[in-house]
Structure formats: structure tokens, C-alpha cells
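In: Structure here, sequence nowhere to be found:
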């Protein structure tokens, strides 16, 4: 039986014998040997250098990742900069709306993210919220950067 594919004729009897496997040399795609045993760590250190002594544990890394995620937005980074560099150490939310030329709900949302990340604290005075940077948290972020 012949199967017509345009101008190509293929015998249906030969289809099962067509090879679909790909012949790849096992020598071509070998992984480099992994150091094992007692000398493994010495070989890795000699090759790549010793890891840092002050690396983060999983808890520290998780907390800092939350802070860095909060700082990944340019508006939040500007807000934190406004708060951290203020003369008296605190800023009213009303002045940040004007300084950033953003709507009040947008500024409030970004301040909430900074507050949840522990980068700022807030106090309600009358109808306005006042924000302060948390120096210990900022120091931890700076220390993580080296």
C-alpha cells in the first residue's frame, strides 16, 4: 500500500522500520567527574575557593528575601529613601503623596508592603499616618550586601 504525501510516496510497509532514535555518542555529553570521599571538599576548595564564613542560614535568607522583594519596586525604594533621610526621622503620609506624585491609595499600598517587610513602622496621629524607618532592619539589609 502506498501513502501519498504531496509528491512523496511512502510505502506503509516501511514505516515501522524507520528509526526515530537519535544516535548520540555517550562520550560527547559526559558530566565532569564529581569529587567524592575524604578529599572531596579539599579538592573543591582548592579549585573554587572556600565559601564565606558569614553565609546566611535559611531563616535569615527568607527574612531578607522578603525585605529585598519589598525594595524591588522603585516607588517603595523612593518611599523608604524619603523616610530614612527625613530631618526628624519620620514623615507624614500626606507629604509622601505629594513628593511621589502618586495617588493616596497607591502610596498607602506601597507603605503597607514596606511595613509588612519590617522596614518601616507607623503611628496614627489624627487622620494621618506617620512613618519611621527601622534602623536595625536597614542595617541587616546593608550587612547582607556585604
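Out: The structure has been received and is ready for your questions. Given the structure is predicted, the values throughout are model-derived calculations rather than measurements. Numbers count the residues shown, from 1 in each chain.
In: For stretch 101-115, what does the pLDDT average out to?
Out: For stretch 101-115, the mean pLDDT works out to 94.
In: Touching it from outside, list them.
Out: Contacts to stretch 101-115, defined as C-beta atoms under 8 Å, 6 or more residues apart in numbering, come from residues 70, 73, 75-76, 79-80, 93, 96-97, 100, 120-122, 129, 131. Placement of C-beta: from N, CA and C, glycine included.
In: repeat that for 10 Å
Out: Contact with stretch 101-115 is made by 66-67, 69-71, 73-80, 83, 91, 93-94, 96-100, 119-122, 129, 131, 133-134, 137, as judged by C-beta atoms under 10 Å, 6 or more residues apart in numbering.
In: Let me know the pLDDT of residue 144.
Out: For residue 144, pLDDT reads 86.
In: Can you list the helices and strands that whatever helix or strand residue 122 lives in packs against?
Out: Element membership of residue 122, judged by DSSP states H and E, is strand 120-125. Contact analysis of strand 120-125 by 3 or more C-beta pairs under 10 Å, 6 or more residues apart in numbering; DSSP states H and E lists helix 74-84, strand 90-92, helix 104-116, strand 128-133, helix 135-144 as its packing neighbours.
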